[in-house]
Structures are given as C-alpha cells and as structure tokens.
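> Requesting a structural model of the entry that follows:
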Amino acid sequence: SFQSRSAREKEGEGTGRNEAHLAARSDSKTQSSVKDARSSIQIINNEKRSIFTEFYVELVRMEVRYAFLWIIGLMAANVVVFWSIYVHWIGADTFVLESNHSAPPSKLQILLFSLATTTTLGVSNATPTATSALLIANIQAISVQMLLVFVTGVFFTRLSQTKPAIKAAKYALITTFNGQTALIARFVFDTLKDGLIDVRFALTYQRITKLKSGEFFYKFDNLELMRSEATRIRVASQMTHFITPESPLYGKSVEDLEREQAVVELTIFGCEQASMQPAVFRHEFVAAHGDIKKGYDFKKLLSVKILNGRRIVDHANLHELVPAKAKHDNDSS
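Here you go, the predicted structure:
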C-alpha cells in the first residue's frame with residue numbers, strides 16, 4: 001500500500017518535492033518476489049503476469065538473443081504441430097510422392113513438407129492430395145503468414161529502438177567543484193558517430209525514510225543541476241549538483257547514504273541525431289555498493305595534444321579516481 005500525501009504531511013514529511021512512497025512495516029520479514037539487484041527495492045505479493053499476456057511487448061523488451069530463441073521456437077512449434085496433424089490425424093496416405101505417386105511419403109518427408117510450408121519455400125517431395133490434407137496445408141500457410149507478420153513487427157520495432165552508446169563512470173563523487181561542495185557524475189560516448197540533440201539530464205536521489213509511525217516510504221528527490229539540458233552532446237559531459245543548505249544531500253555523509261540505502265540515478269533523455277528517434281540512458285549509483293565516494297576527484301578525461309591542438313578524450317580514465325588533495329584543474333569535459 002502507498003501512503004497518501006496528506007498522511008505524509010501529517011507526519012511532518014511533506015516537502016513539496018517529487019516523492020514515491022513504498023510502505024513497509026519496520027518489523028516485517030518477508031521474501032521478495034521481484035528484486036532489483038542493483039538497488040534496495042524489493043516487491044512482494046505482486047501480481048505475476050504471464051509472458052503470454054502481452055507476448056509482443058515482452059519480445060520487444062527482452063534481450064535480442066532470447067527474443068531470437070522465442071521466434072525460432074515459434075517457427076519450430078508450427079512445423080512440429082502441423083506435422084503431427086498430417087501424420088497422426090489425417091494420415092500419411094493423404095500425401096503422395098512427386099517421384100512415385102503409388103507410394104505414400106515417409107514421416108520424414110512429411111516433416112520436410114511442413115518445414116517447407118512454414119519457411120514459405122514450398123519445395124517438397126511430398127504433395128497433399130486428399131481434401132483434408134489440402135485444407136490443413138492451407139490452414140498452416142495462413143498461420144505462417146500471421147506468424148511472419150508478428151515476427152516482422154517485432155523485428156522492425158527493435159530496429160527502430162535506439163540505445164545511445166553512452167557509458168557512465170562507476171562512481172558518483174561528493175567533492176569540491178568551483179569552491180563548493182558538489183555531487184558529480186560523468187559519462188562518455190563510446191564513439192563520435194553517435195550524438196544526442198535536445199538533451200535533458202536528471203539526477204534523482206532515492207532513499208528509504210522512516211516516519212514517526214514506524215513505517216517506511218521510498219522517497220525521490222530531483223537534484224538541481226548546474227546544467228540540466230543541452231542542445232547537443234557528442235563526446236562527454238559531467239553532471240554537477242551543488243550541495244547547498246537547500247539540497248536534500250546537505251549535511252549527509254557517505255555513511256548516512258549507505259544507512260538509508262540511497263541510490264542516485266542518472267537519466268539522460270534526448271533524440272538520436274541520425275534517426276531522430278527518442279533515446280534514454282539510465283545508470284544507478286548505489287551507496288551500499290560503494291558507488292558514491294567522498295574525498296576523491298575524477299582523473300581528467302580531456303587533454304590537448306600540443307603538436308596539432310587535437311583534443312584527446314581518454315576513456316581509460318573514465319572510472320579512475322585521484323585523492324582530492326592531488327586534484328588537477330578539472331575541466332567539465
């Protein structure tokens with residue numbers, strides 16, 4: 001169950017920020033049926049939806065290799081099901097061989113006929129002659145056409161989806177930037193061919209907060225960024241949130257974030273430059289996993305080659321940290 005906003009305000013927790021509340025008694029000891037391996041969220045007693053409820057959507061969502069296996073499995077099932085009907089229901093004697101009309105085809109030859117019908121090749125040594133066999137063969141041909149429409153839809157839907165070639169640093173840092181304490185996260189594009197236009201950035205601070213009543217709720221705060229949008233990005237960028245007294249991170253140490261099972265989520269939304277398709281990138285920094293650190297700075301990504309003035313972006317430094325006292329001039333590359 002979810003706490004209403006009015007109830008939260010009565011508990012002194014109404015802040016005017018975006019909040020999503022997940023109620024759970026502090027003394028509850030339950031096993032979750034859905035668990036996010038990266039964060040602390042677990043869902044129990046949820047309604048389990050069969051994969052066949054929205055099979056098309058599930059095929060679009062799942063990994064390519066699994067979607068491919070499902071599609072191959074559907075084609076194979078069509079072959080086997082209709083082969084069984086031909087052999088065990090209407091009988092092999094309803095077919096004749098092209099090479100010998102007096103002898104019925106073998107089970108293997110009928111299987112090859114079913115395969116040729118499913119693949120729309122249409123070439124087989126077995127030919128249906130009886131009305132029942134011709135009827136079933138046409139039903140199989142119709143089912144294959146419907147299956148191909150389904151598969152083609154999944155294929156082109158997946159092709160139209162864009163995944164920006166973005167890689168985020170493993171860590172988000174609480175450090176000093178421009179003389180102020182700030183939370184910093186950075187990311188790079190794997191290739192210069194990719195780029196996003198009309199881009200929006202967000203850092204979301206998520207954690208578990210305890211009410212006076214003893215209940216817990218999962219709270220979300222959008223962190224104000226030094227730059228929350230850009231006309232175009234192509235190489236790399238750094239997201240900076242200044243931890244001022246108005247910030248929900250103000251006065252909190254890394255240990256505090258670990259205790260409240262905090263997660264900082266980086267979200268990038270924009271349009272892929274070549275296809276003009278919307279693209280989304282998400283990455284979570286989980287405090288309990290050591291993804292949020294203090295006392296370090298990022299090693300510089302950007303350098304300038306003296307001979308020809310080329311800017312060099314070294315992806316080997318993406319996850320590299322240096323002690324804050326050894327900090328170099330930090331470009332917001």
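
> C-alpha only now, for contacts and for neighbours.
OK.

> So for the longest strand seen in the chain, what gets flagged as buried?
If you go by DSSP state E, the chain has its longest strand at strand 196-210. If you call a residue buried by 16 or more other Cα atoms under 10 Å, then strand 196-210 has these buried ones: 196-197, 199-210.

> from the chain's centre, how far out does the helix or strand following that strand sit?
Downstream of strand 196-210, the first helix or strand assigned by DSSP states H and E is strand 215-223. Between the centre of strand 215-223 and the centre of its chain there are 22 Å (Cα atoms, centre = their mean, to the nearest Å).

> tilt between strand 215-223 and strand 196-210?
150 degrees (axes from the mean of the first three to the mean of the last three Cα atoms, to 10 degrees).

> packing partners for strand 215-223?
strand 24-25, strand 196-210 (3 or more Cα pairs under 8 Å, 6 or more residues apart in numbering; DSSP states H and E).

> can you tell me which of these comes nearest to F220?
strand 196-210 (4.6 Å; Cα to Cα).

> buried ones in the longest helix seen in the chain?
Using DSSP state H to define each element, the chain has its longest helix at helix 131-160. For helix 131-160, burial by neighbour count (16+ other Cα under 10 Å) applies to A133, I136, A137, Q140, A141, V144, L147, L148, V151, V154, F155.

> my read: T162 touches A274, true?
No: T162 is beyond contact range of A274, at 10.3 Å (criterion: Cα atoms under 8 Å).

> who's more crowded, those two?
Remark: of T162 and A274, T162 carries more neighbours, 15 against 11, as counted by other Cα atoms under 10 Å.

> roughly how far apart are that one and A168?
17 Å (Cα to Cα, to the nearest Å).

> and Y296, what does it touch?
By Cα atoms under 8 Å, 6 or more residues apart in numbering, Y296 lies in contact with L173, I174, T175, L321, V322, P323, A324.

> Tell me the bridge partners for it.
Note on Y296: beta-bridge partners by DSSP bridges are P323.

> Same check on I292?
So, taking DSSP bridges as the rule, I292 has A172 as bridge partners.
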